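1. Fold the following.
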Amino acid sequence: MSDNHEPILNEDPKAPWDQLHELISANEVHETREFLNKLESDETLRVFSRLESEDQQQLLSSLSPIEAAEIILDVPDEQAADLVEQLPTKDAASILEEMESNEQADIVGDLDEEDAEAILAEMDPAEAAEVRTLATYPDDEAGGLMVTEYVSFKEYSQVNEVINFLQQTKENPLEFDANFYVTSDKNKLIGVLSLREMLIVPKETILQNISKDALFVHVSTSIDELESFFEEHNYFGVPVVDEASRLVGVVRRQDLVSGEETRTMPTFTRSRRRLSWLSVNIVLNVISASVIALFTDTLSAVIALAVFLPIVSDMSGCSGNQAVAVSMRELSLGLVKPIDVLHVWFKEVKVGLLNGIALGILIGVVAYLWQHNIYLSFVIGFALALNTLVAVSIGGTVPLLLRKFNVDPAVASGPVLTTITDLCGFFLVLSIATMMLPLL
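-> Reported below is the predicted structural model:
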């Protein structure tokens, strides 16, 4: 360890996660913090995700609650819940208290009930009660997306109370869309205040007299309806009310941001982006059909193969789509980058081998029960196992390669995967069958 506590980020040729592992293993808390501080924000999660579980736990325990919370917030919810679950209860509660209410609810909702209650018992009672309530709402509705951190004033309050609040708080008014909400004694939403208007009226003005009707959504409003709302209205957030019209939270625009293609884009732009790849898909499908044409004699000799061709291609495609979904998610979260393509491929190969063997045995048994031919079973099972390996390899790596070349992986990955798995599936079944034709 150097005297000036300089981290080894730029000097050590090792991968950053290996450097971080060494610092954690040596229990160099100060150097670990310095190392993390020098990482780019989008690199922190990527490096953290490469650590072994024990290192992750030790790292989170060594950081302050707010530092640990910043890392956990970038981790997918289920993984975040696993991390929190393994921490000491008091540490987990301290970290959760540094998060916003919707983030707390997402994690608590994924915990075992016993662990969740143990952690909530260590938190502030009022805050814990809010988390319990939020955790009951479905994730795809406004209630499950909203935050309970918002600013409201009673209808009989005066403008000077709002001004005093602004002078004393550290919050940025722009985070509230330059608006505050006005409620009744029973917390029913009455209206919204404009900061600009409050600057031009006497300070003794009652808020009810200058509040305007507020647009709002219900706790059960769906994600699609919320997306439509934000397409129509250029707001940072929208208030959420319950069955009794009480203000219970705010859904922010940022919490609805999704893939690179969004429905706010012009229709023709979205159509063109998709059609460009679907058109290429036609050409590739013609090539796939040509593979079948090459093996017409084999198909004529063993008609049963025609039944299994779509099964092999479809099952492989499903495996590949699972890999695409994981890569898309990790790309969007910053867990992986295009440079990690070999790492991702190696991970997918291990899963593909296990699943391919399992699926191959299963389809082989089905083929044997139908045709009572062990060689046919082998052909179909072996082809499916190999094609599953191909499919997950493509599904896992293609999104990263497309991102590297600035192509939207959400639009292009599917057509590429489907066509190649069909092509390979047909070729594998028919070529292996041709080699073993005398036994079939």
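2. Mind listing residues that contact stretch 390-410?
-> Defining contact as C-beta atoms under 8 Å, 6 or more residues apart in numbering, one finds that stretch 390-410 is touched by 259-261, 273, 316-317, 319-324, 326-328, 331, 336-338, 340-341, 344-345, 347-349, 351-352, 355, 412-413, 416-417, 420-421, 424. Glycine gets a C-beta too; all of them are placed from N, C-alpha and C.
3. Give me the buried entries from these.
-> By neighbour count, with 16 or more other C-beta atoms under 10 Å, those hold 273, 316-317, 319-324, 326-328, 331, 336-337, 340-341, 344-345, 347-348, 351-352, 355, 412-413, 416-417, 420-421, 424 as buried.
4. Mind checking which of these land in helices?
-> Secondary structure from DSSP state H places 273, 316-317, 319-324, 326-328, 331, 341, 344-345, 347-348, 351-352, 355, 412-413, 416-417, 420-421, 424 of the buried ones among the contacts of stretch 390-410 in helices.
5. show me what contacts E103?
-> Listed by C-beta under 8 Å, 6+ apart, the contact set of E103 reads L73.
6. What helix or strand is it located in?
-> In this assignment (DSSP states H and E), E103 forms part of helix 101-109.
7. Could you do G249 as well?
-> Using DSSP H and E, G249 falls within strand 247-252.
8. so what does that strand touch, helix or strand wise?
-> Identification of packing neighbours for strand 247-252 by 3 or more C-beta pairs under 8 Å, 6 or more residues apart in numbering; DSSP states H and E yields helix 142-145, strand 237-241.
9. got the angle between the last one and strand 247-252?
-> With axes from the mean of the first three to the mean of the last three C-alpha atoms, to 10 degrees applied, the angle from strand 237-241 to strand 247-252 works out at 150 degrees.
10. In terms of secondary structure, what does strand 237-241 contact?
-> Helices and strands touching strand 237-241, by 3+ C-beta pairs under 8 Å, 6+ apart, are strand 189-194, strand 217-218, helix 223-232, strand 247-252.
11. so where's the protein uncertain?
-> 1-13, 41, 77, 170-179, 257-281, 284-285, 288, 333, 411 (pLDDT under 70).
12. contacting residues for the residue nearest the centre of it?
-> Closest to where the C-alpha atoms of the chain average out (C-alpha atoms, centre = their mean) is R329, at 4.7 Å. Counting by C-beta under 8 Å, 6+ apart, R329 makes contact with 76, 335.
13. How much space separates it from V379?
-> 35 Å (C-beta to C-beta, to the nearest Å).
14. can I get the CA coordinates of stretch 348-358 in PDB?
-> Coordinates of the C-alpha atoms in stretch 348-358 are reproduced here as PDB (Å, rounded to 0.1, in the frame of the first residue of the first chain):
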ATOM      1  CA  GLU A 348     -24.000 -18.500 -22.400                       C
ATOM      2  CA  VAL A 349     -22.100 -21.500 -23.600                       C
ATOM      3  CA  LYS A 350     -22.300 -23.100 -20.100                       C
ATOM      4  CA  VAL A 351     -26.000 -22.500 -19.900                       C
ATOM      5  CA  GLY A 352     -26.500 -23.700 -23.500                       C
ATOM      6  CA  LEU A 353     -24.700 -26.900 -22.900                       C
ATOM      7  CA  LEU A 354     -26.800 -27.800 -19.900                       C
ATOM      8  CA  ASN A 355     -30.100 -26.800 -21.500                       C
ATOM      9  CA  GLY A 356     -29.200 -28.300 -24.900                       C
ATOM     10  CA  ILE A 357     -28.500 -31.700 -23.400                       C
ATOM     11  CA  ALA A 358     -31.700 -31.600 -21.300                       C
END
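15. what's the nearest residue to E155 if we skip its chain neighbours?
-> Excluding the flanking residues, the one nearest E155 by C-beta to C-beta, 6 or more residues apart in numbering is Q208, at 4.1 Å.
16. same check, this time on Q371
-> Nearest residue to Q371 in three dimensions, chain neighbours excluded: A304, at 5.5 Å (C-beta to C-beta, 6+ apart).
17. show me what contacts that neighbour?
-> 367, 370-371, 376.
18. Looking at the residues you listed, which are in strands?
-> The members of the contacts of A304 all map outside strands under DSSP state E.
19. Those, buried ones only, as a PyMOL selection?
-> Buried residues among the contacts of A304 (16+ other C-beta under 10 Å), as a PyMOL selection:
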select buried, resi 367+371+376
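20. packing partners for the host helix or strand of Q58?
-> Element membership of Q58, judged by DSSP H and E, is helix 53-62. Secondary-structure packing of helix 53-62 (3+ C-beta pairs under 8 Å, 6+ apart): helix 16-25, helix 29-38, helix 65-73, helix 77-86, helix 89-96.
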